[in-house]
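Please find the sequence and the predicted model below.
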Amino acid sequence: MSSLPHGAAAAERLTLFRREWPARISWGQVRAEEPRVFWRAAGGAALVVPTIAALLLWTSLAGEFPAPISLPAWLEWMRGGLVVGGFWLVLMLGVFAVILLDRPRELRRELAFRSFAAARGLSYARLGAAPPARGIFFAEPNDGTARGAARRRRLGMLAVPGDAARFRANFSLSPAEQPAWLGAEPSLQLAIASYSGGKNDARGPLLGFRYLQLRAPRALPHLVIDSLSNGRLREFLAGAQRLSLEGDFDRYFASYAPKGYARDALELLTPDVMAVLIDHGKHWDIEVVEDRILIVSRRVGRRWDRSETTALLLFAEVLGAELSHQARHYTDPRAARPRLQVAAPGQRLARGSRVWTVALVCALGAAFFTFPFVLGWLLDLS
């Protein structure tokens, strides 16, 4: 068994990590890093006035508020085009102003991550390697293409359009050593994910989250361990796959494994692993998919950077060592190569059906539109 930091040892290590996080990044450091950043912020502030003026002009043109605008007869036919063009003008001015105004604070945040990465011997990137569309959280399509995408990743083949990443990896920390080949994923990555897919692309439970992703020693069955303290994932997963585990674990987590893989999940989620999850990660969700262990935190704001980044790094050491020990001894007798592969039924959890949700929404909509007619008919009868 691996020697793991528990109790006082874990607390001391967490204190060390938090001591390495910079106590304060001064505005002088921000100016030294980007000398013109405050001039640009002032430009953003100056844009606020024309943005508000354009907004009032647009609302007056589109909705006669705060005052109606009459156009000359020869220009009235263009009102629709002016309303659409005015909307995009206001949007672009507002976005540009916000970006310029927020740049000093964002740069301050970057410098904190960069300083911590240097102290820990990690590599920092404002936009890191984007994780592929894999599993529940990273919005893998539920159309039967997961197996092909997993095979291409395993063999180092070029991705096809369906494999494309749907999230950006912001403020990314990873090991200092670079992957051996272009496009390879880091063995550890800690970043803030933000959704970047299109409106018709698959979406996961969250459009933004902080995450830690680790490489496991081998491919494992698809598992989801859903923290009951931050909302439930049951609408995304078929309920028949839920497990009941020993001790107090079910008080903190809802666990899911593919049908027929309950025993395999128990082999991986040993009492030691469950104790680590309860002691260090009861506010996070965990997903195991392919050869990756993903830990998800919903605390993404600046004020959580120090506490969540350091706690997740400690969790990587504790859970990674414990679960990796179990993974090295795991075999799947259903697979053609039990020591290396997971059989097809264990590679992905079955998704929850949304038929009843759609039916309920349709029923409520129908009730809303038919209520006046039904009420009138009842009043006529009386």
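Received the coordinates, thanks.

what are the ranges of the strands in the stretch 51-200 of the chain?
Along the stretch 51-200 of the chain, the stretches classed as strands by DSSP state E, counting those that start in this stretch are 122-127, 167-175, 188-195.

can you list the ones you listed in CSV and add distance to residue 85, mean neighbour count and mean pLDDT?
C-beta coordinates here come from the backbone N, C-alpha and C atoms, glycine included. CSV is the format used below for the strands of the stretch 51-200 of the chain (distance: least, C-beta to C-beta, whole Å; neighbours: other C-beta atoms under 10 Å; pLDDT from 0 to 100):
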stretch, distance to residue 85, mean neighbour count, mean pLDDT
strand 122-127, 31, 16, 94
strand 167-175, 29, 22, 94
strand 188-195, 28, 22, 95
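
Out of those strands, the one nearest residue 138 is which?
Each of these has some distance to residue 138 by C-beta to C-beta; the shortest is strand 167-175, at 6.0 Å.

other SSEs contacting the closest one?
Using 3 or more C-beta pairs under 8 Å, 6 or more residues apart in numbering; DSSP states H and E, the elements in contact with strand 167-175 are helix 79-120, strand 122-127, strand 188-195.

the inter-axis angle of it versus strand 188-195?
Calculated by axes from the mean of the first three to the mean of the last three C-alpha atoms, to 10 degrees, strand 167-175 forms an angle of 160 degrees with strand 188-195.

Give me the contacts around strand 167-175.
Residues outside strand 167-175 that contact it (C-beta atoms under 8 Å, 6 or more residues apart in numbering): 109-110, 113, 116-117, 120, 122-131, 138-139, 186-197, 305, 309.

now it against helix 79-120, angle please.
Strand 167-175 and helix 79-120 are oriented at 10 degrees to each other (the same axes, to 10 degrees).

ok so, going back, select, out of the strands of the stretch 51-200 of the chain, the one closest to residue 275.
strand 188-195 (22.4 Å).

Quick one: residues contacting residue 255.
Per C-beta under 8 Å, 6+ apart, neighbours of residue 255: 223-226, 242-243, 245, 249, 265, 269.

Which members of those residues are positioned in helices?
Counting by DSSP state H, those place 249, 265 in helices.

any chance of the contacts of residue 255 in JSON lines, with pLDDT and distance to residue 77 too?
Converted to JSON lines, the contacts of residue 255 look like this (pLDDT from 0 to 100; distance: C-beta to C-beta, whole Å):
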{"residue": "223", "pLDDT": "94", "distance to residue 77": "61"}
{"residue": "224", "pLDDT": "94", "distance to residue 77": "56"}
{"residue": "225", "pLDDT": "93", "distance to residue 77": "60"}
{"residue": "226", "pLDDT": "92", "distance to residue 77": "56"}
{"residue": "242", "pLDDT": "88", "distance to residue 77": "61"}
{"residue": "243", "pLDDT": "90", "distance to residue 77": "65"}
{"residue": "245", "pLDDT": "85", "distance to residue 77": "68"}
{"residue": "249", "pLDDT": "90", "distance to residue 77": "68"}
{"residue": "265", "pLDDT": "93", "distance to residue 77": "66"}
{"residue": "269", "pLDDT": "91", "distance to residue 77": "68"}
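
and of the contacts of residue 255, the nearest to residue 324?
Closest to residue 324, out of all of these and judged by C-beta to C-beta, is residue 269, at 13.5 Å.

what's the spacing between the residue nearest to the closest one when sequence neighbours are not counted and residue 170?
Distances taken as C-beta to C-beta, 6 or more residues apart in numbering place residue 245 nearest to residue 269, at 6.5 Å, with adjacent residues excluded. Going from residue 245 to residue 170 by C-beta to C-beta, to the nearest Å gives 34 Å.

what does residue 86 give?
From residue 86 to residue 170 the distance is 32 Å (C-beta to C-beta).

Show me the contacts of residue 255 that map onto strands.
Among the contacts of residue 255, DSSP state E puts 223-226, 242-243 in strands.

I'd like the residues you listed written out as CSV, with neighbour count added.
Converted to CSV, these look like this (neighbours: other C-beta atoms under 10 Å):
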residue, neighbour count
223, 23
224, 25
225, 26
226, 25
242, 16
243, 18
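
Pick the one among the residues you listed closest to residue 55.
Proximity of the ones in strands among the contacts of residue 255 to residue 55 was ranked by C-beta to C-beta; the top entry is residue 226 with 41.9 Å.

and the closest one, bridged to which residues?
Beta-bridge pairing of residue 226 under DSSP bridges involves residue 254.

ok, now which ones touch it?
Here residue 226 is in contact with 232-234, 253-256, 285 (criterion: C-beta under 8 Å, 6+ apart).

now with 6 Å?
232-233, 254, 285 (C-beta atoms under 6 Å, 6 or more residues apart in numbering).

Let's see if you can find the most crowded of those residues.
residue 285 (27 neighbours; other C-beta atoms under 10 Å).

Next, residue 291: secondary structure please.
Using DSSP: H, G, I helix; E, B strand; the rest coil, the structure places residue 291 in strand.

what does the one 3 residues further on give?
Remark: residue 294 carries the secondary structure label strand [criterion: three-state DSSP].

for residue 213, same thing?
Per three-state DSSP, the local secondary structure of residue 213 is strand.

What distance do you get for it to residue 336?
Distance of residue 213 to residue 336, given as C-beta to C-beta: 27 Å.

Residue 88: neighbouring residues, count only.
Residue 88: 10 neighbours (other C-beta under 10 Å).

ok, now residue 325?
Residue 325 has 16 nearby residues by other C-beta under 10 Å.

any idea which element it lies in?
According to DSSP states H and E, residue 325 maps onto helix 305-328.

Would you mind identifying the next helix or strand past that helix?
helix 344-347.

quick one, which of the helices and strands packed on strand 167-175 is packed in tightest?
Compared across those, strand 188-195 shows the largest average neighbour count, a mean of 22 (mean count of other C-beta atoms under 10 Å).

Starting from that strand, tell me which strands it pairs with and how they run.
strand 167-175 (antiparallel), strand 208-227 (antiparallel).

returning to that earlier point: any idea how far the residue nearest to residue 269 is from residue 261?
Residue 245 is 14 Å from residue 261, where distance means C-beta to C-beta.
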